[in-house]
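Novice: Structure, please.
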Amino acid sequence: MAAASSLLTAVAPYLRQPTSITTVIGGLVFFVILVILFRLLFSSSSSSLSSSWGKNGKKKQPPAIPDTIPCISNTYLYLRDLPRFLRKAAIYLEHNDVVTFRLGHKKVYMVQGPQNIQPMLRVTNEFGSEAFIALILKPLDMSPEDIAKFAGDKTGRLKKRAAWMSEGGGRYWYGLHRVYEDFMTRAHYSARMADRFRDVLAERLTLQPEGQWVEGVGLFGFLKQDMTESALVAMCGPRILELNPGFAELSWEFDEIAFYLLCGPPRWWDARPYQVRDRFNGAIGRYLDEAWEKFDWNGPDAEADWEEHFGSRFSREMVKWFLDSGFTMRSTRGWMSFVIFAYVPLFLLLSLLSTSASLSLLFVVNISDVHSLISNIVPITTWALYEIVRDPNLFAEVRREVMTAFTVDPATGERVLNTQKLLSLPLLQSILVETLRLHLSLNLVREVNKPEGIFVDGYHVPCGSLVQVVTRRAHHDEATWGSEGHPASEFWAHRHIKNTVRGGNVKEKDEKAETIAPEFLVTGKPGSFIPFGEFHPCFNLSISTC
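Specialist: So this is what the prediction gives:
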């Protein structure tokens, strides 16, 4: 009876929304199944956990977030209502830079503070995410044989393996990592993708009526549709939309169910998420089948930065690597579903900025610190435009700055946008950084690979544990971001502008001082601004599409 009472107490807060009795009963039954499942997981790993605690029992451990039902309550809340769990965790992070909780049988260390965040942003063998990626391969509908290839590769993603890593293996993680490094990170390829995105979006803007009053124009709806389709064309080429009318809307539908595929009940219980996935994968399959059949690998486009069939070279080389490495087209299609789901919205986000809740981020490849960005990017874009438009003085200032990036093409006489000049505009960059700092909250999660574990803020973190950073606390820290008259909780367009004087002394109002030159400079301490991490493969893409 006490156990039943505890169960009802734990479940009640999650069922206080208007819903049908069928949904309530279904949710309760599913929760009971989760309880049984996690109990089994916990008991099956109890011996290994006990030995770990026995070995590290004398090593300092951080405070734990209370769990009504051990290994169950926090896990359920984390999976079903992550924002609410983060609010709960924030209470305990008020007095400690490191706290811990159980996610199923996994122990998670939630950290804050620049000194603790910095190691999370480095490319190193001490942290990894291969185990996470292996978990999402099945929901992506990759073949069991191909999933086993990734699961069996324990050699890491870096060229140089750590001493504790196994020898041999197919080096699939390393090969996959190289595709991102070679064809997305490099400035040349990212710039070509950015140029294509800009051209497609500019063409769509010309279709909007000019000089006419139009009823019902929604900024959010326009960005949600046209920005997504422009990014799809830039990355995958026009055929993905031509072969699949309504694909942008389908992408948003897939976003709604993506995390559910991983953590929800099986297909026989609720078929809809799987039906959406199958439609999404089917659309990508049609695009890939045609591209693979029609592209001439020995023709003039073999080395092209962008062509009509695959779109960007990144997409083309990704497909080629999968098939050349012995993966099936089914698995290639499944992985490209993840690429499009995660990287197209990431591409949109990085189109706003010159630096680098649900499925994508939790299962990082150290190349995709994305937390359901397909549902974040359009609101972020809307926020940036909203902050500019609602302040007439700021709007006028931004307009004057942007106009300086336009030049006249001497050959055609047309006015064109100088992308490189645009990239150097300090106020525009400051606004975009400030928007991300204030409105975007991601969760960086890394698994500890080092056999002897690591130390975070003096606490021992054993091998196999998860380390998680919640960016919202770092981005809203008053000591880091606050300024006189401009608290960290408020938007301030000039927060990341540094005014310098060329000659003379501005403090003494030296008459010899030249005009103050504004410069863009992120004001936070290292590790304080982490919208999607450093060393990102899209870093140069973002610079090219600011």
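
Novice: buried ones in stretch 418-426?
Specialist: Within stretch 418-426, the residues that count as buried by 16 or more other Cβ atoms under 10 Å are 419, 422, 423, 425, 426. No exception for glycine: its C-beta is placed from N, CA and C like everyone else's.

Novice: Among these, which one lies nearest to residue 64?
Specialist: Using Cβ to Cβ, residue 426 is the member of the buried residues of stretch 418-426 that lies nearest residue 64, at 44.8 Å.

Novice: how far away is the closest one from residue 518?
Specialist: 5 Å (Cβ to Cβ, to the nearest Å).

Novice: ditto for residue 237
Specialist: As judged by Cβ to Cβ, residue 237 and residue 518 stand 39 Å apart.

Novice: Which one's more surrounded, these two?
Specialist: More crowded of residue 237 and residue 518, by other Cβ atoms under 10 Å: residue 237, with 22 against 16.

Novice: Please look at that one and residue 314 and confirm they touch.
Specialist: No - the criterion here is Cβ atoms under 8 Å, and residue 237 misses it with residue 314 at 11.5 Å.

Novice: Quick one: residues contacting residue 101.
Specialist: By Cβ atoms under 8 Å, 6 or more residues apart in numbering, the residues touching residue 101 are 64, 65, 67, 74, 78, 89, 107, 108, 110.

Novice: again, only this time at 6 Å
Specialist: Residue 101 is in contact with 65, 74, 108, counting by Cβ atoms under 6 Å, 6 or more residues apart in numbering.

Novice: got these as JSON lines, with secondary structure, pLDDT and distance to residue 180 columns?
Specialist: What follows is these, written out as JSON lines (DSSP: H, G, I helix; E, B strand; the rest coil; pLDDT from 0 to 100; distance: Cβ to Cβ, whole Å):
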{"residue": "65", "secondary structure": "coil", "pLDDT": "94", "distance to residue 180": "34"}
{"residue": "74", "secondary structure": "helix", "pLDDT": "90", "distance to residue 180": "33"}
{"residue": "108", "secondary structure": "strand", "pLDDT": "92", "distance to residue 180": "26"}
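
Novice: Per-residue pLDDT of residue 512, please?
Specialist: Note on residue 512: pLDDT of 51.

Novice: Which residue, other than its chain neighbours, is closest to residue 466?
Specialist: Excluding its sequence neighbours, the residue lying closest to residue 466 (Cβ to Cβ, 6 or more residues apart in numbering) is residue 108, at 4.4 Å.

Novice: distance of that neighbour from residue 67?
Specialist: Taking Cβ to Cβ, one finds residue 108 at 12 Å from residue 67.

Novice: try residue 404
Specialist: Going from residue 404 to residue 67 by Cβ to Cβ gives 56 Å.

Novice: Show me which of these two is the more surrounded one.
Specialist: When residue 404 and residue 67 are compared for neighbours, residue 67 comes out ahead with 15 against 12, by other Cβ under 10 Å.

Novice: On the three-state scheme, the more buried one is what?
Specialist: Taking DSSP: H, G, I helix; E, B strand; the rest coil as the rule, one finds residue 67 in the coil state.

Novice: That one contacts residue 74, correct?
Specialist: Yes - between residue 67 and residue 74 there is a contact at 4.8 Å, judged by Cβ atoms under 6 Å.

Novice: quick revisit: show me what the residue nearest to residue 466 is bridged to.
Specialist: residue 101, residue 466 (DSSP bridges).

Novice: residues near the spatially closest residue to residue 408 that is not a sequence neighbour, how many?
Specialist: Closest residue to residue 408 apart from its sequence neighbours, by Cβ to Cβ, 6+ apart: residue 415 at 5.8 Å. When neighbours are defined as other Cβ under 10 Å, residue 415 has 9 of them.

Novice: Do I have it right that residue 415 meets residue 406?
Specialist: Yes - Residue 415 is within contact range of residue 406, at 5.3 Å (criterion: Cβ under 6 Å).

Novice: How far off centre is the helix or strand harbouring residue 472?
Specialist: Using DSSP states H and E, residue 472 maps to helix 471-475. Helix 471-475 sits 15 Å away from the centroid of its parent chain (Cα atoms, centre = their mean, to the nearest Å).

Novice: Could I get the full set of strands for this protein?
Specialist: Secondary structure of the chain, counting by DSSP state E: strands at 98-103, 106-111, 127-128, 306-307, 311-312, 406-408, 415-417, 443-448, 454-456, 459-461, 466-470, 497-501, 516-520.

Novice: Out of these, flag the one nearest residue 182.
Specialist: strand 311-312 (12.5 Å).

Novice: which ones are touching residue 340?
Specialist: Listed by Cβ under 6 Å, 6+ apart, residue 340 has no contact partners.

Novice: Could you report the neighbour count for residue 223?
Specialist: So residue 223, with other Cβ under 10 Å, has 19 neighbours.

Novice: okay but it is in contact with residue 380, surely?
Specialist: No - look at residue 223 against residue 380 with Cβ under 6 Å: they stay out of range, at 9.6 Å.

Novice: picking that back up, which of the contacts of residue 101 lies closest to residue 477?
Specialist: Checking these against residue 477 with Cβ to Cβ, the nearest one is residue 65 at 20.4 Å.

Novice: Check the burial of the closest one by counting its neighbours.
Specialist: As a burial measure, residue 65 scores 19 neighbours (other Cβ under 10 Å).

Novice: Please determine how far residue 189 is located from residue 309.
Specialist: 17 Å.

Novice: Then residue 444?
Specialist: Remark: distance between residue 444 and residue 309 (Cβ to Cβ) = 35 Å.

Novice: now do residue 265
Specialist: Residue 265 is 39 Å from residue 309, by Cβ to Cβ.

Novice: Compare neighbour counts for the two and give me the winner.
Specialist: The neighbour comparison of residue 265 against residue 309 (other Cβ under 10 Å) goes to residue 309, with 21 against 14.

Novice: Can you tell me, leaving aside adjacent residues, what's nearest to that one?
Specialist: Nearest to residue 309 is residue 291, by Cβ to Cβ, 6+ apart, at 4.2 Å.

Novice: From what I see, that neighbour and residue 311 are in contact.
Specialist: No - the pair residue 291 / residue 311 is not scored as a contact, 8.5 Å apart, by Cβ under 6 Å.
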